[in-house]
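J.: kindly return the folded structure for what I paste below:
(2 chains)
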Amino acid sequence: MEDAYVMSPYPNWLNAGDNSWQLVAATLVGLMSIPGIAVLYGGIVQRKWAVNTMLMAFSAFSLVLVAWVLWVFKMGFGDALKLGPGILGSMIGKPGPILDHTTQGQASIPLLDGLMPKFRFPQSTLAYFQFVFAGITPLLFLGSVIGRINFRVWLIFVPLWSTFAYAVNAFLLWGGGWWAQQGALDYSGGYVIHLAAGTSGFVAAAVIGPRLARDRARAVPNNLPMAAAGAGILWLGWNGFNGGDPYFAGADASTAVLNTNLATAVALLTWLLLDLFASPQRKATFLGSINGMITGLVAITPAAGFVNGFGALLIGLIASILVWLSWNKLGKAKLFKRVDDTLGVFHTHGVAGLAGGLLVGVFADPKVIEYLGGGSTPGFSAAGAIYGNPKQILIQLGAAATVIVWDALITFLLLKFLGLFMKLRISDEALETGDTAVHDEEAYPDDTLIAVGSGPPRAAPPPAGGTRTSDPVLAADVDPPSD
Amino acid sequence: MKLITAVLSPATFEAVRDALAIFGVRGLTVCNVYAAPARIPNRVQVYRGQRMTADLDPMVRVDLVIPDDETADVVHVLIRAAGEEDVTERVWLTPVDLVVRIRTGEYGVDAV
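T.: Okay, here's the model as predicted:
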């Protein structure tokens, strides 16, 4: 009978608080993708692309998860695959599945063993937490290619990109790879996710080609309240994005959450004030402030748990000014007119991610401690230029350059390769119609205009103002214009 | 005076609006309408497995009152801007007895 009393819900190494927080944080980040990005982008695009946009978001999220458990997770967080000397020896992990029962065991990232506290949750928690980051990245650069990318190309491109681009980014900076060994800082994905998305989106937009000229000129959003819901989910979801990255529900998670919200609020207000006093229209705009919000979220991401409150405030301010200038000035330059980055992912994720990644090299405060020391082991924190470590900026620059060059190259090669077999861009005729041509669905169908069944249509009564082609009366009454 | 009414595809409407603006013709009234296309088959839509046909295409209807002597020119602009053959675009004219500009009280051609 004693057996019943020795049953235990979890092993000694598991801490219920840490595991709970990590699962909640992961779920918050997942909500940023679906529905967050799906409805934010779905609301910002033209009415005729809302369904296509949302479906690409949901399908990419699913695709990445399947690839993740089959081979990609281990490429990002497993044992190093030795491809050569130097960076080649630790830029990617050995691919493999994570489907058996061992995911119930204690989480581990082999190359970080001994460099951080031992995980207090199982491998499945780590795998899911890291998946939601891998899952949101293609959704972010989706914003660059909306309104013309062939849906079938999207379905193939996303898992390939996760394999060859994302896994490398993650391994280099988070899996204990070469740039992590050099001391590069990326708290939560300023480089791995946002700089990567900005770069890949821009290159993909260039390779695939632009939208219809008319769509570019008249790209009005279809539902701003829906965009507001998505943007709000992004902001608060970011508490999991940055708050989850210490992997422990400790003081640094709290620091990261507070810093994240502070930088975001400052960046939103900065953009709003710039719009109010420095834009041609001299008015604050909702979508502008959303850009500012995203800029702040992205820029604080690489720094969230490394800087103090002053640092967070300044990062929000500086990044918002930089990205506002990039959006309003650089975006008008010739190259940016030629490449059709639909939602401007280059600016709000690429430039903001890069700015945040460099600014953490300036503002990282050695007294903001991620992991406490104990005995002879020192704690872990980072120092930036203003705390006497200017070299950190160079390391940050090097890591940024690696991500930019690698992701641009991989995106270019993958799309050129897929372009050999299929059309990357939807036909002009289907582009005119949008959702109904690609998916047989539209975002706001009108039930009075639709006949049920696939047979020949019934003659529907014309709506107010409409006309019927078979009406002979009008033709007879018109005097032909005398030329 | 004549009331010109045109039912145009959205693409043609863009061209017509630009052309009319170049000629200084102002005062368009525009609404979104649906019109039966010239061609079959219709667009199929599928919701939760149920097939439906949309036998009407979204079009733009333009109403414009102009003096008689401009009629030929404006209709000419409309015809030149016409879109693809399989889109049913039409224009028709209706005689107008009276136009009053409410704010100023102007009558007739002055009010156009």
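J.: mind checking how far the longest strand anywhere in chain B is from the chain centre?
T.: Using DSSP state E to define each element, chain B has its longest strand at strand B:57-66. Strand B:57-66 sits 2 Å away from the centroid of its parent chain (Cα atoms, centre = their mean, to the nearest Å).
J.: where does pLDDT dip in chain B?
T.: B:38-42, B:83-87 (pLDDT under 70).
J.: and it, which residues reach chain A?
T.: Proximity of chain B to chain A, by Cβ under 8 Å from any Cβ of the partner chain, involves residues B:7, B:11, B:14, B:31, B:33-38, B:40, B:42-47, B:50-56, B:59, B:61, B:71-72, B:75-76, B:88, B:90, B:92-93. For glycine as for every other residue, the C-beta is placed from the backbone atoms N, C-alpha and C.
J.: ok so, going back, residues in contact with the longest strand of chain B?
T.: Contacting residues not belonging to strand B:57-66 are listed as A:465-466, B:1-10, B:13, B:16, B:20, B:25, B:27-37, B:74, B:87, B:89, B:96, B:99, B:112 [Cβ atoms under 8 Å, 6 or more residues apart in numbering or on different chains].
J.: got the buried residues for the longest helix seen in chain B?
T.: In chain B, taking DSSP state H as the definition, the longest helix is helix B:10-22. Of all the residues in helix B:10-22, those buried under the rule 16 or more other Cβ atoms under 10 Å in any protein chain shown are B:10-17, B:19-20.
J.: likewise stretch A:123-136?
T.: Those would be A:123-136, for stretch A:123-136 by 16+ other Cβ under 10 Å.
J.: closest one of the residues you listed to chain B?
T.: Checking these against chain B with Cβ to the nearest Cβ, the nearest one is residue A:135 at 25.8 Å.
J.: and that closest one, its phi and psi?
T.: phi -70, psi -30 (degrees, to the nearest 10).
J.: and residue A:149, by the same measure?
T.: Dihedral angles for residue A:149 - degrees, to the nearest 10 - are phi -70, psi 140.
J.: repeat for the one 5 residues further on
T.: Reported as degrees, to the nearest 10, the phi and psi values for residue A:154 are phi -60, psi -50.
J.: quick one: residues contacting the closest residue to it other than its chain neighbours.
T.: Spatial nearest neighbour of residue A:154, excluding adjacent residues (Cβ to Cβ, 6 or more residues apart in numbering or on different chains): residue A:56 at 5.4 Å. Residues counted as contacts of residue A:56 (Cβ under 8 Å, 6+ apart) are A:139, A:142, A:146, A:149, A:151, A:154.
J.: and the two most separated of these?
T.: Distance extremes for the contacts of residue A:56: the farthest pair is A:139 and A:151 at 14.6 Å, using Cβ to Cβ.
J.: which residue is most remote from the mean position of chain B?
T.: Centroid-distance maximum for chain B: residue B:49 at 36.0 Å, with Cα atoms, centre = their mean.
J.: ramachandran angles for it?
T.: Residue torsions, per degrees, to the nearest 10, at residue B:49 are phi 90, psi -10.
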